[in-house]
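> this one's structure only:
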């Protein structure tokens, strides 16, 4: 392969480094007004009145829309396709019944952002306060957080396999508690909306993961036909799931339509933290049965998820979490009981990995506990339970194909010097009073496609220009991780041209084909394969045209180096530009093609991460000494970008393990500043090592590729948590392992 | 909003004459701008004294150190980091916020802001620092730190007054080594959860003649640890002393901090004192 | 107030409010949108620019503080249409992902290299401690700054010498 497998910067790296790339917040349309939301300051209550007079009195304020002068219609933020009838429409743009601190009550439109913010502070809202719940304890104690709705919003029991009857099985119990998390995409949520009342045409620009999903929601919400709603994916400053549910777009669309002017809505950091979505808080108990040799016989998981104030995606989320149990380990029997509760807190939603990281934290904690009880090495225990090439997903029956998790563990154990490190740590700890070192390993699996949960297909349209360059239309949404470049490379490989000769427009409902969104790590696999098919279709057209124009037998023609050639006669070479031009001149036809790819596979994609940490038992700080991520990726299309993305996942995982936590206080206020949400910074991390295992290729993905974006986050936090527990000799399960958590544990240990 | 950018001390006093209770002086702005953004304060008059040359100077003399009100954390770090008796100041200044914050934030601004977590508060108390204050009538006065910091976010400035600088009696500290260490939520870029400053005078054989310790971010205003200071005299900076000082420090923290953070802050005292001792030992 | 200052080597005069943020002046009045707003409270570093050669948060800098001073934004590094050494190094070392932190990150690196032409990897990491990147593990970013430092020293001193291999 000439292009696939070689590293390069992503397509817009130059423009981004220059500061030239225009993000949604940078867009300025003529006549545009700026929006600032007025959000509930109480966790639960009825809005009795909204007083916009003081805001409206400021020169330059164009209007105040609120719960009493806007539509009562509702939408569901999580809907991303027309067929999800089961999802309730539960949100208004502005509500007179506020369910959490941060719920939208009104919006101010003004001639400048600063003015809109100032005016928003002047809008007075009168509330009638109601009792509220700030989480599991309140809700389960019966605190009435949403009258008329059940506190337990959903409950599910699932089981696979039969309960084992073996003798001599060893029972292991574990408990894990995960806090709410913030995505911390550096670009906050944003939308620019432009409504042309004369053509009743709405255009939305936003950084998002599914232009067609937004179209479904906004068109239904505003009672508009689909062709009158155009959604354009703008440059995206990171998502990690934060931009795959729709709350800025419906609000901006409504405001643009009502005000008759283009509007811009950009969330503040505080809004992105508390007024968008969070990863929901989870608690889980696992009872496992193991053979004395460490083989899993049964896992029984009891889990509870706090959906926050709206159900959003939570019902699907708990079901998906269960399905992740079967993507990495062989679990012959599993039983799962899960509940979703409501509370008056920020809304839970999508987050990188979409429940797989939570599942891994719960299960990897459990496996560490099992290894402890069985007296086994933690890598060895995992080796004995991981899925092997040829295994199937026991829940869905879908083949996992060339899954390489055991190889990842073996390679990692060797590269990380796992056994030597364990000995070195033991020596270090024996001779050190203050610092304690430990190692951790985490494994995790994910999917590469939607299959079989949803129909999963992609479509591509492709044209060759008169100069032989390519224009490709596939509805992709680059999050910043380089999927545009990936698709260009795939097309370039098929047509044997430089990837710089391919132009790819991102998702735009007016210009690119239908797609269900860049979720589920499906972009490389499904859209990449779609690009292969589309480029292949174009290649066929090229050959047919060349045969017709130059009177050649079709079977003798092939493409190489940007030209059609004849196998029998090396002197016959027709550059693509020539074929394209002659096709127009002689055949009166453009060289273009279209293809669809209906995906029906979902190979196993996995990773094993290794962390070496040093815990300061006198301050509680944990330092990451060394970190290795081994990923079973199949063909890496742009390896350096994969590596960069994996290192980012390690950074996020270190954060989730050690620092990150959104805390809801007794008054319902949630962490709303990066000064209190402690992310990992450059000096906090070592050079994260990455090892790619590329021989576990997929059968259906483009050139054997599998997914990477989410799966690399799954094993990260478990590895770090395991290392801390190893260092301390502890069995801590409530994340994050902050300095407070560590010193509290040590103080308790000292007393007992 | 009105604004004034005085270019001389005289112009500053003229500006101060126009100030009301709603007026604010902006130095680095790293705290004030956030408050203004959130609508927590909306000044009627903003005075920026950054163009007054005297306020930008650091005057290091044999007997005293004078730091102008507009001197930044970064400038102060560079100026003092190789002077043993003032290393504590550069330790603290170099640990405030991020590089971007340190290139604007001022030591005087940190003191005026009077946040209990402000790193310069325990530093001020450590050196018995005095603030030089100008009034709208042009008079200058010196106020000791203890009389300046009145409580959380409360200082002694009256309407029509501004701090123009601070002075430290260097003579008092010649022959001392100093250090400052803090513990936050993470190692880099963190607001102090507890911070500790030390000044120690040692004989050539390492025996401590005199010591002074202050704690910040524990009580609402910085505190000394007299019991530990007395204990240190006549001892050397060894592991035994470390253990005893850590125990006293932990007790002091326990008795002075809010219950919510008590367990962590008390437990972490050992690490805090150990790191502080490490710095002091290196600076022999 | 009347504000006279210098942006990217050009004198700028405008009538503005004293409490207007430099970030807004750049983005709205001067259409220099390469400087980003990520948090508005000096935590993320996306809005970093150079003020008289030092990295500062443009979100925490007000018009009243700017009189007579010199601001350099990301646009000021590549005014000829060609990326400067640091920007190129970020591209070539694959240090650019979503790009939202990139411009601020580059400006912090610029401030570092102005003061310290031969930083160690550790010094680079500390100099970037005020800039959050969520996409990466900072590895390529640190490598890019290191590479730019080497290249700049090569330009200044000729081929890499024994003293300055960082």
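On my side now, so go ahead. No experiment lies behind these values; they were computed from the predicted model shown.

> looking at the chain, which helix is longest?
Looking at chain A here, since you left the chain open. Secondary structure of chain A per DSSP state H: the longest helix is helix A:528-550.

> my question was about chain B
Ranked by residue count under DSSP H, the longest helix found in chain B is helix B:239-256.

> just checking, what packs against the helix or strand following it?
Next helix or strand after helix B:239-256 toward the C-terminus (DSSP states H and E): helix B:262-267. Using 3 or more Cβ pairs under 8 Å, 6 or more residues apart in numbering or on different chains; DSSP states H and E, the elements in contact with helix B:262-267 are helix A:739-751, helix B:239-256. Glycine gets a C-beta too; all of them are placed from N, C-alpha and C.

> how far off centre is helix B:262-267?
Distance, stretch centre to chain centre, for helix B:262-267: 23 Å (Cα atoms, centre = their mean, to the nearest Å).

> repeat for stretch A:640-647
Distance of stretch A:640-647 from its chain centroid, counting by Cα atoms, centre = their mean, is 15 Å.

> how about it, does it reach chain C?
Yes. Judged by Cβ under 8 Å from any Cβ of the partner chain, stretch A:640-647 and chain C are in contact via A:640-641, A:643-645, A:647.

> among those residues, which ones are in helices?
Among those, the members found in helices (DSSP H) are A:640-641, A:643-645, A:647.

> can you tell me which of those is closest to chain C?
If you rank those by distance to chain C using Cβ to the nearest Cβ, residue A:647 comes first, at 3.1 Å.

> what distance do you get for that closest one to residue C:143?
Distance of residue A:647 to residue C:143, computed by Cβ to Cβ, to the nearest Å: 11 Å.

> between those two, which has more neighbouring residues?
Between residue A:647 and residue C:143, counted using other Cβ atoms under 10 Å in any protein chain shown, residue A:647 has the larger neighbour count: 24 against 19.

> residue ranges with poor pLDDT in the stretch 1-150 of chain B?
Applying pLDDT under 70 to the stretch 1-150 of chain B flags no residue at all.

> same question for chain C.
For chain C, the stretches with pLDDT under 70 are C:159-166.

> the domain parsing of it - what is it?
Segmentation of chain C into domains, based on automatic domain parsing, reads C:2-77, C:85-157.

> whichever residue of chain C sits closest to chain A: how many residues sit nearby?
Using Cβ to the nearest Cβ, residue C:34 is the residue of chain C that sits closest to chain A, at 1.9 Å. Neighbourhood size, residue C:34 [other Cβ under 10 Å]: 27.

> if you skip the residues just before and after it, what's nearest to it?
Distances taken as Cβ to Cβ, 6 or more residues apart in numbering or on different chains put residue A:19 closest to residue C:34, at 1.9 Å, once the chain neighbours are dropped.

> which residues does the one you found contact?
The contact partners of residue A:19, by Cβ atoms under 8 Å, 6 or more residues apart in numbering or on different chains, come to C:32-35, C:73-75, C:103.

> not counting its neighbours along the chain, what's nearest the residue nearest the centre of chain C?
Note on chain C: the residue nearest the mean C-alpha position is residue C:107, at 1.0 Å, using Cα atoms, centre = their mean. Among residues not flanking residue C:107 along the chain, residue C:48 sits closest, at 4.3 Å (Cβ to Cβ, 6+ apart).
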